[in-house]
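> have a look at this prediction, sequence included:
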Amino acid sequence: MTTIRKIVVPILGLFLLTTVTACGDKPVEAQAVKVKVEGIRDATQLGDILFGGQPSEESLKRLHDEGYRTILTTRPKSEMKWDEKAQVEALGMQFVSIPMSKPVKTITEDQIEAFDKAMKNAPRPMLLHCGSGNRVSGLYAVWLAKRKGMSAEEAFRMGEKAGMTAIQPVVKEMLGLGKDD
């Protein structure tokens, strides 16, 4: 059975109307929309998930005020100059950390499992970020294929729409896609 929901997602004072279609437990491609979010570079809205680069402390406050409930990062603590976890939790939002090295040489089963758990259990709407949006969108693509049953090609396209760039060769290899796919 196919259900169609219209979701109004507030983005720092702007409201984005997105149609999300679900068929059972498999995601069906939602519209990816590039959005301008002050303090977050390369932001892309995909349903109730915002992908992007590292948010500023001020943008976290605005996201909270707009109803965001979870911030997920793939940045290790060593990349941070301030305590994002403390800031997020002080605002009453959930913080999820799935550290990924830079540059990414592989995406581990533990990272995919932690991401799966967060996607199932974390309250939404949510921001998924790393430094630029590249690592987290690559992890998202692998998760779509390995945990949600999306074809490798579709999952790769969704990762690209979410912001995957430099991690593409790693994701292609993990998804069994050839260099020219």
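Sure, I can see it.

> okay, now the unreliable bits of this protein?
Along the chain, segments meeting pLDDT under 70 span 1-30, 179-181.

> quick one: the helices in it?
57-65, 84-90, 109-121, 134-147, 152-162, 168-175 (DSSP state H).

> those: which one's closest to residue 74?
helix 134-147 (4.6 Å; CB to CB). C-beta: built from backbone N, CA, C; applies to glycine.

> on contacts alone, who are the packing partners of the closest one?
Secondary-structure packing of helix 134-147 (3 or more CB pairs under 8 Å, 6 or more residues apart in numbering; DSSP states H and E): strand 49-52, helix 109-121, strand 126-129, helix 152-162, helix 168-175.

> distance from the chain centre to the first one, please.
Averaging C-alpha coordinates over strand 49-52 and over its chain gives two centres that are 5 Å apart (CA atoms, centre = their mean, to the nearest Å).

> use 35 as the first number for this chain going forward.
Got it, first residue is 35 now, which makes that one strand 83-86.

> what does that strand rub up against?
Strand 83-86 is contacted from outside by 43, 45, 69, 71, 74-79, 97, 102, 158-163, 167, 170-171, 174, 196-197, using CB atoms under 8 Å, 6 or more residues apart in numbering.

> ok, now with 7 Å
Contact with strand 83-86 is made by 71, 74-78, 159-163, 167, 170-171, 196-197, as judged by CB atoms under 7 Å, 6 or more residues apart in numbering.

> closest one of those to residue 138?
residue 170 (10.5 Å).

> pull the contacting residues for that closest one.
Contacts of residue 170 by CB under 7 Å, 6+ apart are 85, 108, 162, 163, 164.

> next one: residue 88
109, 163, 165.

> likewise residue 209?
So residue 209 contacts 176, 179, 186, 189, 190 (CB under 7 Å, 6+ apart).

> residue 92 now?
Counting by CB under 7 Å, 6+ apart, the residues that residue 92 touches are residue 73.

> deepest of the helices of the chain, which one?
Neighbour counts (mean count of other CB atoms under 10 Å) averaged over each of those peak at helix 168-181, with a mean of 26.
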